[in-house]
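**Q** Only the shape, not the letters, is given here:
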């Protein structure tokens with residue numbers, strides 16, 4: 001079994017197409033909002049609009065996108081290795 005580190009995951013993500021990274025980040029943000037709305041009191045889940053979220057994601061550099069996505073990707077790799 002090979003252990004994959006968070007650093008290796010970040011490095012791999014940095015080589016991905018920036019548009020792909022932005023789409024991944026957007027989907028992760030959408031998932032967060034959906035989960036948050038399920039666990040928040042009604043009217044208590046204050047998030048910016050999806051368009052504003054997309055604008056913020058679009059403004060991120062590749063290194064920042066990679067660091068935001070790396071923990072989720074790392075967890076998925078770890079789990080896949082154990083299943």
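**A** Yep, that arrived. In this text, all values refer to a predicted model and were calculated from it rather than measured experimentally. Numbering: from 1, shown residues only.
**Q** Give me the buried stretch members for stretch 12-32, please.
**A** 13, 21-22, 24-26, 29 (16 or more other Cβ atoms under 10 Å). Bear in mind the C-beta positions are built from the backbone N, C-alpha and C, glycine included.
**Q** what do you get for stretch 50-69?
**A** Within stretch 50-69, the residues that count as buried by 16+ other Cβ under 10 Å are 53-54, 57, 60, 65-69.
**Q** about what we covered before: go through the buried residues of stretch 12-32 and flag which are in strands.
**A** Counting by DSSP state E, those place none of their members in strands.
**Q** which two in the residues you listed are spaced the farthest apart?
**A** Farthest pair in the buried residues of stretch 12-32 (Cβ to Cβ) is 13 and 29. Separation: 16.1 Å.
**Q** SS state for the residue nearest the centre of the chain?
**A** Nearest to the geometric centre of the chain sits residue 69, at 3.7 Å (Cα atoms, centre = their mean). For residue 69, the secondary-structure state derived from DSSP: H, G, I helix; E, B strand; the rest coil is helix.
**Q** wouldn't it be in contact with residue 13 here?
**A** Yes. Judged on Cβ atoms under 8 Å, residue 69 makes contact with residue 13 at a distance of 5.7 Å.
**Q** Now do the shared contacts for those two.
**A** residue 21 (Cβ atoms under 8 Å, 6 or more residues apart in numbering).
**Q** can you give me the helices for this protein?
**A** Secondary structure of the chain (DSSP state H): helices located at 6-14, 18-39, 50-58, 62-82.
**Q** got CSV for the ones you listed, with mean pLDDT too?
**A** Shown next, in CSV, are the helices of the chain (pLDDT from 0 to 100):
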stretch, mean pLDDT
helix 6-14, 95
helix 18-39, 93
helix 50-58, 95
helix 62-82, 92
